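>>> Sequence and predicted structure, then a few things I'm wondering about:
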Amino acid sequence: MIKMERTYGCLRASVLFEGKKIGTMEGVYLTQWFVKNRYRFTGTFNRYFTDDMEYRRPGARVDIILPDKEIIIMNVFIEWIREPSGSGTFNAERIESYL
């Protein structure tokens, strides 16, 4: 059974690596799916800005904070990024609330 649960969107989000801010993402959209008795999180972004190019590549693992929704997307795996615009897709391990 596949069921789409929720969709979150944010105009500007902060990108963290090991608790340190390394950049920002614009136009972040996250979808929560219920597939085979567990939750899956997939998403897209329109632009990704960072000074450290090590984290702006497919395969990088970061965390994303959506400040207007007050959630943290944990252990984000960036699947691909289109150059030079910086748009792309990602999968995430889980989401958490921060208050």
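Good, I have the coordinates. Residues are numbered from 1 along each chain as shown.

>>> In the helix or strand encompassing T44, which residues are buried?
Here T44 sits within strand 38-45, counting by DSSP states H and E. By 16 or more other Cβ atoms under 10 Å, the buried positions in strand 38-45 come out as 41, 43-45. Any C-beta I mention is one placed from the backbone N, CA and C, and that applies to glycine too.

>>> With distance to G23 as new columns, can those be given to me in a markdown table?
Formatted as a markdown table, the buried residues of strand 38-45 follow (distance: Cβ to Cβ, whole Å):
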| residue | distance to G23 |
| --- | --- |
| F41 | 20 |
| G43 | 16 |
| T44 | 16 |
| F45 | 11 |
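
>>> of all those, which comes closest to E96?
Closest approach between those and E96, by Cβ to Cβ: F41, at 11.3 Å.

>>> For the host helix or strand of A13, buried residues please.
Secondary structure from DSSP H and E places A13 in strand 2-17. For strand 2-17, burial by neighbour count (16+ other Cβ under 10 Å) applies to 8, 10, 13-17.

>>> go on, stretch 23-38?
23-25, 28, 30, 32.

>>> Next step: those restricted to strands.
Using DSSP state E, the members of the buried residues of stretch 23-38 that fall in strands are 23-25, 28, 30, 32.

>>> Show me where this structure dips below the pLDDT cut-off.
Per-residue confidence for the chain (pLDDT under 70) gives these ranges: 1-2, 4, 99.

>>> try 90
Applying pLDDT under 90 to the chain picks out residues 1-9, 19, 32-40, 50-57, 68-70, 83-86, 97-99.

>>> Wasn't E54 part of a helix?
Yes - applying DSSP: H, G, I helix; E, B strand; the rest coil, one finds E54 inside a helix.

>>> ok, now which ones touch the residue lying closest to it once chain neighbours are set aside?
Using Cβ to Cβ, 6 or more residues apart in numbering and skipping residues adjacent in sequence, the residue nearest E54 is A60, 7.2 Å away. A60 is in contact with 54, 77-78, counting by Cβ atoms under 8 Å, 6 or more residues apart in numbering.
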